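In: this one's structure only:
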């Protein structure tokens, strides 16, 4: 049920200071979600405090410098210059906030169960600074019930009660880094509250910042909405990945099939295959629901099957690469030099969290191949929990000599900045998982799709 929450402003209304944009807003977690949100709040006129435990990040921001490629230094500097934005690692700044928005990571444990450690730690920090009248909003992706079952009890340890003394809501983040068509302010915002007043307050706040607010009946519905969106993508990507394997055996090009199928003006939506799932949402979010469903003795077979298919894709790609090397060069992977093109989880971003490129590098190394990578947006692989052995490996220079020195290139991420013509000219074999070489016809004999 989608609700209407558009109360008029009035001097006696608790939402009046949101509608007047005089409320101070604190955003906890200044990453790919929190930083754009903080800038949007500042741009809408709200005095905004950005909080992050990384003092290096907050120092950069206060100096007008960005650490996210999609956000220009000039945008940070402009926000600081207004006097409405400041970044801090001092939790005491939460005392002055009228609303606190939580944008912290929600990863999986090694056993693929929800890891709410960051959410719990943040809730405890807010608890220590909670005061009557504050609005607390969780944006981190999580399973239905987290806001009421995890966050609310921690905050109520103060003796203050949700819905009476403070107000608690959930509004899922919907950022899409690298998408030039949609920004924080143009993406509709789903809002659910722990009670009607919390929903109304959160709607009043977000209504000053985004183009369209979608109030729903509860925080649980809002939590489920985010999972549904990403499970939809995961399942459909798994389907097209499975079709890719089947059609390849039939010598049918899946990319040509999709182009033809999407000409149908109804009943079809194109999804595209790849080397595996990446990023902080689609590989992770479905498992939050499968874990919670077990509490209700429900098996989520469809979701888990999609996860199995998508997880299998890196091994399928490595097998295709091995076959191509053997057939075209008579060489085994154990004697080959392989160049990965792109290790970011999606095109034109500088984020390699959960990237299939990292998994592919490990699989190739396990088969004794010599592996390097080139990514114009990632100069070096950062420390990651799942792939610590790859940390510090640096992107090689893009040059004809370097390309010719490899036995094969494996296109993992189809960045626009890559010179695909040069790649086709100098690299003897190209295994393309993204259909990036579709316009390079004159070197078609060097290209294998996987």
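Out: Thanks, I have the structure now. Keep in mind the model is a prediction, meaning the values are calculated, not measured.
In: how long is stretch 425-440 from one end to the other?
Out: Chord length of stretch 425-440, first to last residue, is 10 Å (CA to CA, to the nearest Å).
In: Wasn't residue 38 part of a strand?
Out: No. Counting by DSSP: H, G, I helix; E, B strand; the rest coil, residue 38 is not part of a strand but helix.
In: State the distance from it to residue 213.
Out: According to CB to CB, to the nearest Å, residue 38 stands 18 Å off from residue 213. Any C-beta I mention is one placed from the backbone N, CA and C, and that applies to glycine too.
In: Let's verify the residue lying closest to residue 64 once chain neighbours are set aside: helix, strand, or coil?
Out: In space, and not counting its chain neighbours, residue 64 is closest to residue 77: 3.3 Å by CB to CB, 6 or more residues apart in numbering. Three-state call for residue 77 (three-state DSSP): helix.
In: same deal with residue 266?
Out: coil.
In: do the same with residue 214
Out: With three-state DSSP as the basis, residue 214 sits in strand.
In: Following the helix ranked longest in the chain in sequence, what is the next regular element?
Out: Secondary structure of the chain per DSSP state H: the longest helix is helix 219-249. Later in the chain than helix 219-249, the nearest helix or strand by DSSP states H and E is helix 254-261.
In: who does that following helix touch, helix- and strand-wise?
Out: Secondary-structure packing of helix 254-261 (3 or more CB pairs under 8 Å, 6 or more residues apart in numbering; DSSP states H and E): helix 219-249.
In: Show me which residues of the helix it packs on are buried.
Out: Using 16 or more other CB atoms under 10 Å as the test for burial, helix 219-249 gives 219-227, 229-231, 233-235, 237-238, 240-245, 247-248.
In: I'd like to know which elements it is packed against.
Out: strand 167-170, strand 189-193, helix 254-261, helix 285-295, helix 301-329.
In: Now do it against helix 254-261, angle only.
Out: Going by axes from the mean of the first three to the mean of the last three CA atoms, to 10 degrees, helix 219-249 is angled at 120 degrees with respect to helix 254-261.
In: Run the angle between helix 219-249 and helix 301-329 for me.
Out: Put simply, helix 219-249 runs at 30 degrees to helix 301-329, going by the same axes, to 10 degrees.
In: What are the contacting residues of stretch 368-386?
Out: With contacts defined as CB atoms under 8 Å, 6 or more residues apart in numbering, stretch 368-386 is touched by 69, 107, 333-334, 336-344, 348-350, 352-354, 357-358, 361, 364-365, 387, 390-398, 402, 406, 413, 415, 417-418.
In: Which of the residues you listed fall within helices?
Out: In this view, these that belong to helices under DSSP H are 357, 358, 361, 364, 365, 402.
In: now, which of those residues sits nearest residue 26?
Out: Set against residue 26, the nearest of the ones in helices among the contacts of stretch 368-386 by CB to CB is residue 358 (33.4 Å).
In: quick one on the thing from earlier: distance check, the residue nearest to residue 64 against residue 66.
Out: For residue 77, the distance to residue 66 equals 9 Å [CB to CB].
In: go on, residue 348?
Out: Distance, residue 348 to residue 66, by CB to CB: 16 Å.
In: Pretty sure residue 447 sits against residue 436.
Out: No. With contact defined as CB atoms under 8 Å, residue 447 does not reach residue 436; the gap is 9.6 Å.
In: quick one: residue 56 is in a helix?
Out: Yes. Assessed with three-state DSSP, residue 56 lies in a helix.
In: ok so, going back, and residue 77 and residue 66? which has more neighbours close in?
Out: Neighbour totals were compared for residue 77 and residue 66, and residue 66 leads with 18 against 14 (other CB atoms under 10 Å).
In: check which helix or strand covers the more buried one.
Out: If you go by DSSP H and E, residue 66 is not part of any helix or strand.
In: That one and residue 72 touch, don't they?
Out: Yes. The pair residue 66 / residue 72 is scored as a contact, 6.3 Å apart, by CB under 8 Å.
In: Neighbours of residue 269, how many?
Out: Neighbourhood size, residue 269 [other CB under 10 Å]: 9.
In: ok, the closest residue to residue 403 other than its chain neighbours to residue 404 distance?
Out: Spatial nearest neighbour of residue 403, excluding adjacent residues (CB to CB, 6+ apart): residue 426 at 4.0 Å. Residue 426 is 5 Å from residue 404, where distance means CB to CB.
In: out of the two, which sits in the more crowded spot?
Out: Shown here are residue 426 and residue 404; by other CB under 10 Å, residue 426 has more neighbours (18 against 11).
In: Okay, that one and residue 446: tell me how far apart.
Out: Taking CB to CB, one finds residue 426 at 10 Å from residue 446.
In: before we move on, what about residue 322?
Out: Residue 322 is 17 Å from residue 446, by CB to CB.
In: before we move on, back to that, who has more neighbours out of residue 38 and residue 213?
Out: residue 38 (30 against 21).
In: measure that one to residue 167 for me?
Out: Per CB to CB, residue 38 is found 20 Å from residue 167.
In: and residue 138, how many residues sit next to it?
Out: For residue 138, the count of nearby residues is 30 (other CB under 10 Å).
In: And for residue 443?
Out: Using other CB under 10 Å, residue 443 has 16 neighbouring residues.
In: Regarding it, what is its secondary structure?
Out: Going by three-state DSSP: residue 443 is helix.
In: List the residues that contact it.
Out: When contacts are counted by CB under 8 Å, 6+ apart, residue 443 touches 424, 425, 437.
In: what's the pLDDT at residue 3?
Out: The per-residue pLDDT reported for residue 3 equals 62.
In: Please read the previous query as pertaining to residue 277.
Out: pLDDT, residue 277: 85.
In: Repeat that for residue 417.
Out: If you check residue 417, the pLDDT there is 95.
In: Return the residues in contact with it.
Out: Taking CB under 8 Å, 6+ apart as the test, what residue 417 contacts is 348, 376, 377.
In: any idea which of those residues is closest to residue 203?
Out: Ranked by distance to residue 203 (CB to CB), the contacts of residue 417 are led by residue 348 at 33.0 Å.
In: The closest one reaches residue 342, doesn't it?
Out: No. With contacts counted by CB under 8 Å, residue 348 stays clear of residue 342, the gap being 9.8 Å.
In: how near is the residue nearest to residue 403 to residue 400?
Out: 5 Å.
In: ok, the residue lying closest to residue 175 once chain neighbours are set aside - how many residues close by?
Out: Nearest non-adjacent residue to residue 175, counting by CB to CB, 6+ apart: residue 33, 5.0 Å away. By other CB under 10 Å, 24 other residues sit near residue 33.
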